[in-house]
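In: Fold the stuff below for me.
(one chain, ligands or ions: 2)
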Amino acid sequence: MSEDGPVSFWSAPRVSSPIHATVTLPGSKSITNRALVLAALADGPSTVTGALRSRDTDLMIGALRALGTAISGDGPTLEVVPGRFHGGAVDCGLAGTVMRFVPPLAALADGDVVFDGDEQARTRPLDTLLSGLRALDADIAGDTLPFTVHGRGALRGGTVTIDASGSSQFVSGLLLSGAAFDEGVTVHHDGKPVPSMPHIDMTVEMLRTAGVDVTTPASGGEANTWRVRPGRVHAIDWNIEPDLSNATAFLAAAAVTGGEVTVPSWPERTTQPGDAIRGILESMGAEVHREGTDLTVRGPRSLRGIDIDLHDLGELTPTVAALAAVASGPSHLRGIAHLRGHETDRLAALSTEINALGGRVTETPDGLDIEPVPLHGGHWHSYADHRMATAGAIIGLVVDGVSVDDIATTSKTLPGFERMWDAMLGNAVATDTGARS
Ligand SMILES: O=C(O)C1=C[C@@H](OP(=O)(O)O)[C@@H](O)[C@H](O)C1
Ligand SMILES: C=C(OP(=O)(O)O)C(=O)O
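Out: Ligands and ions are numbered 1, 2, ... in the order given. Coordinates of the predicted model:
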């Protein structure tokens, strides 16, 4: 929504019966953007199959092209041919992965790389990464967007201590490019615990797949320390898993309506935090089972509340909060203070929007307390946050008259969300709720 532009609301479909559907999800944002970065650094051409095409991944493609990487392919199959990095302009949009993963590459460029992004991106935390890069000998003007990296064709690298309690992406960003630094990189974290550890595991696993030598606390390294040795990044044919965080909204639809939703190609083993939705839904009373690679969720008559530390799984918070808002008992979501630096302050946004529908949500210093009360219809604001928009859609399934503003913001990671949502609902949709702006 923009204050000065026209506001368009999407009437969230209300269902009158349980949903039964199979929903196929496109590729993971986080894996696609890591594969693209590693392919741009690789020692030859790579392919990326099953890539997500969305605003965040297209911004990554644009950023890498601006630095001199050749990327071809209009759909989910991409060919990436690395080139020597040169100066240029990078639009980060609102993508954390672009603003945190690309500056280290820019330090390797021959020339200046100017970074900017959406107005809302200018308040997302970034100085930890930029000052970390400076400690590794990069020359950077600015601490937030917009800023300029004065690339010098190479970066010394070495050891750096950062406080990554604000975002795991600070660690991932430095590690992803570390093999290309003269001395590699050793990242030591000093501060409150790093959030979203599965995303650091994802970074480490993908680096190792590309032949990079990485030492972690789990592989004999020091606590809170990750080391990437200098060396080649091998060209790989990357195969991207479906986006499990995006899948959570569709599985939640089964949970809140007492229906059954199946997501095919659910990976047997994955570093994606979205995999944890299985245990979350089970503890809220849903049944979850796998048959081959199909994952199916069957919703209960009534959902239980949940008390959960989402520190590792912050990305799932909007879905879990939406489930909790329509559950039969109280919920406590903890460990997620860092969500105040996501696309928007997600703790403030979720409490404001659920309360605007008559809910009883209290922000705590590190999370949300959600009391079950009957909700009523109303406008749900998205704050340019794709996961706020999908949270509104989940609640709208079971509350009359919810209308979500700027549903198109879902294109950050899932273009065509409304079409997929409608297709999932099939004939479970109730008559028009009249929830229009
Ligand atoms: O590395 C990644 O791909 C991501 C890491 C997480 O960031 P934070 O550690 O900032 O929560 C996650 O929330 C984000 O959606 C994607
Ligand atoms: C926090 C998120 O995104 P970003 O990669 O922009 O940080 C998210 O997708 O939930």
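In: Quick check: which element contains the closest residue to Ser331 other than its chain neighbours?
Out: Once flanking residues are discounted, Ser331 sits nearest to Ala324: 3.6 Å by C-beta to C-beta, 6 or more residues apart in numbering. Just so you know, the C-beta spots here come from the backbone N, C-alpha and C atoms, and that holds for glycine as well. Element membership for Ala324, per DSSP states H and E: helix 317-325.
In: Quick one: list the elements packing against that helix.
Out: Judged by 3 or more C-beta pairs under 8 Å, 6 or more residues apart in numbering; DSSP states H and E, helix 317-325 is in contact with helix 244-257, helix 277-283, strand 331-334, helix 346-356, strand 367-371, helix 386-396.
In: These: which one's closest to Glu418?
Out: Proximity to Glu418 (C-beta to C-beta) singles out helix 386-396 among the helices and strands packed on helix 317-325, at 8.4 Å.
In: continuing past the closest one, what's the next helix or strand?
Out: That would be, after helix 386-396 and using DSSP H and E, strand 402-405.
In: which helices and strands sit right next to that following strand?
Out: Under the contact rule (3+ C-beta pairs under 8 Å, 6+ apart), strand 402-405 is packed against strand 9-11, strand 378-380, helix 386-396.
In: can you redo those as a markdown table with distance to Asp294, mean neighbour count and mean pLDDT?
Out: Below are these laid out as a markdown table (distance: least, C-beta to C-beta, whole Å; neighbours: other C-beta atoms under 10 Å; pLDDT from 0 to 100):
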| stretch | distance to Asp294 | mean neighbour count | mean pLDDT |
| --- | --- | --- | --- |
| strand 9-11 | 29 | 20 | 96 |
| strand 378-380 | 31 | 20 | 98 |
| helix 386-396 | 21 | 27 | 98 |
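In: Point out the one among the ones you listed that comes closest to ligand 2.
Out: Evaluated over those, closeness to ligand 2 peaks at helix 386-396, with 5.2 Å, by C-beta to the nearest ligand atom.
In: Can you check what angle separates that closest one from helix 346-356?
Out: Counting by axes from the mean of the first three to the mean of the last three C-alpha atoms, to 10 degrees, helix 386-396 lies at 30 degrees to helix 346-356.
In: Need the CA coordinates for helix 386-396. PDB is fine.
Out: The C-alpha trace of helix 386-396 is given here as PDB (Å, rounded to 0.1, in the frame of the first residue of the first chain):
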ATOM      1  CA  HIS A 386       5.000 -10.800   1.200                       C
ATOM      2  CA  ARG A 387       4.500 -12.900   4.300                       C
ATOM      3  CA  MET A 388       2.200 -10.400   6.000                       C
ATOM      4  CA  ALA A 389       0.000 -10.600   2.800                       C
ATOM      5  CA  THR A 390      -0.100 -14.400   3.000                       C
ATOM      6  CA  ALA A 391      -0.800 -14.300   6.700                       C
ATOM      7  CA  GLY A 392      -3.900 -12.200   6.000                       C
ATOM      8  CA  ALA A 393      -5.000 -14.700   3.300                       C
ATOM      9  CA  ILE A 394      -4.800 -17.600   5.900                       C
ATOM     10  CA  ILE A 395      -6.900 -15.700   8.400                       C
ATOM     11  CA  GLY A 396      -9.400 -14.700   5.700                       C
END
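In: Next, see if that helix gets close to ligand 1.
Out: No. Judged by C-beta under 6 Å from any ligand atom, helix 386-396 and ligand 1 are separated, with a smallest distance of 8.6 Å.
In: do that helix and ligand 2 meet at all?
Out: Yes. Applying C-beta under 6 Å from any ligand atom, one finds that helix 386-396 is in contact with ligand 2 at Arg387.
In: how deep is Gly292 tucked in, by neighbour count?
Out: Neighbour count for Gly292, taken as other C-beta atoms under 10 Å: 9.
In: So for Pro103, which of the helices and strands packed on helix 317-325 sits nearest?
Out: Comparing the helices and strands packed on helix 317-325 against Pro103 with C-beta to C-beta, the closest turns out to be helix 386-396 (23.0 Å).
In: What is the neighbour count of the residue nearest to Ser331?
Out: 30.
In: State the distance from the closest residue to Val402 other than its chain neighbours to Ser328.
Out: Spatially, and ignoring its direct neighbours in sequence, Val402 is nearest to Gly396 (3.6 Å; C-beta to C-beta, 6+ apart). When distance is defined by C-beta to C-beta, to the nearest Å, Gly396 is 19 Å away from Ser328.
In: now the most centrally placed residue in the chain, what's its secondary structure?
Out: The chain has Glu315 as the residue nearest its centroid, 5.8 Å off, counting by C-alpha atoms, centre = their mean. Per DSSP: H, G, I helix; E, B strand; the rest coil, the local secondary structure of Glu315 is helix.
In: care to break this structure down by domain?
Out: 9-25+242-428, 29-239 (automatic domain parsing).
In: now the last one: how far from the chain's centre is it?
Out: I take that to be domain 29-239. Here domain 29-239 shows a centroid-to-chain-centroid distance of 15 Å under the convention C-alpha atoms, centre = their mean, to the nearest Å.
In: Report the rounded mean pLDDT for it.
Out: Domain 29-239 shows a mean pLDDT of 98.
In: and Phe115, helix, strand or coil?
Out: With three-state DSSP as the basis, Phe115 sits in strand.
In: So it is in contact with Gly87, correct?
Out: No. Phe115 is beyond contact range of Gly87, at 11.7 Å (criterion: C-beta atoms under 8 Å).
In: So these two - more neighbours on which side?
Out: Phe115 (25 against 18).
In: Which residue lies closest in space to that one, excluding its sequence neighbours?
Out: Spatial nearest neighbour of Phe115, chain neighbours left out: Val90 (4.9 Å); criterion: C-beta to C-beta, 6+ apart.
In: what do you get for Ala35?
Out: For Ala35, the closest residue by C-beta to C-beta, 6+ apart turns out to be Trp238, at 3.9 Å.
In: packing partners for the helix or strand the one you found falls within?
Out: Applying DSSP H and E as the criterion places Trp238 in strand 237-239. Other elements packing on strand 237-239 under the criterion 3+ C-beta pairs under 8 Å, 6+ apart are helix 29-40, strand 46-49.
In: Phe101 is nearest to which of those?
Out: So among those, helix 29-40 is nearest, using C-beta to C-beta, at 5.3 Å.
In: Just the C-alphas of that closest one, formatted as PDB.
Out: Once non-C-alpha atoms are left out, helix 29-40 reads as follows in PDB (Å, rounded to 0.1, in the frame of the first residue of the first chain):
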ATOM      1  CA  LYS A  29      14.300 -18.200  -2.800                       C
ATOM      2  CA  SER A  30      17.200 -18.800  -0.400                       C
ATOM      3  CA  ILE A  31      18.600 -21.700  -2.400                       C
ATOM      4  CA  THR A  32      18.100 -20.000  -5.700                       C
ATOM      5  CA  ASN A  33      19.900 -16.800  -4.600                       C
ATOM      6  CA  ARG A  34      22.800 -18.700  -3.100                       C
ATOM      7  CA  ALA A  35      23.200 -20.900  -6.200                       C
ATOM      8  CA  LEU A  36      23.300 -17.800  -8.400                       C
ATOM      9  CA  VAL A  37      26.000 -16.200  -6.200                       C
ATOM     10  CA  LEU A  38      28.100 -19.300  -6.200                       C
ATOM     11  CA  ALA A  39      27.600 -19.700 -10.000                       C
ATOM     12  CA  ALA A  40      28.900 -16.100 -10.500                       C
END
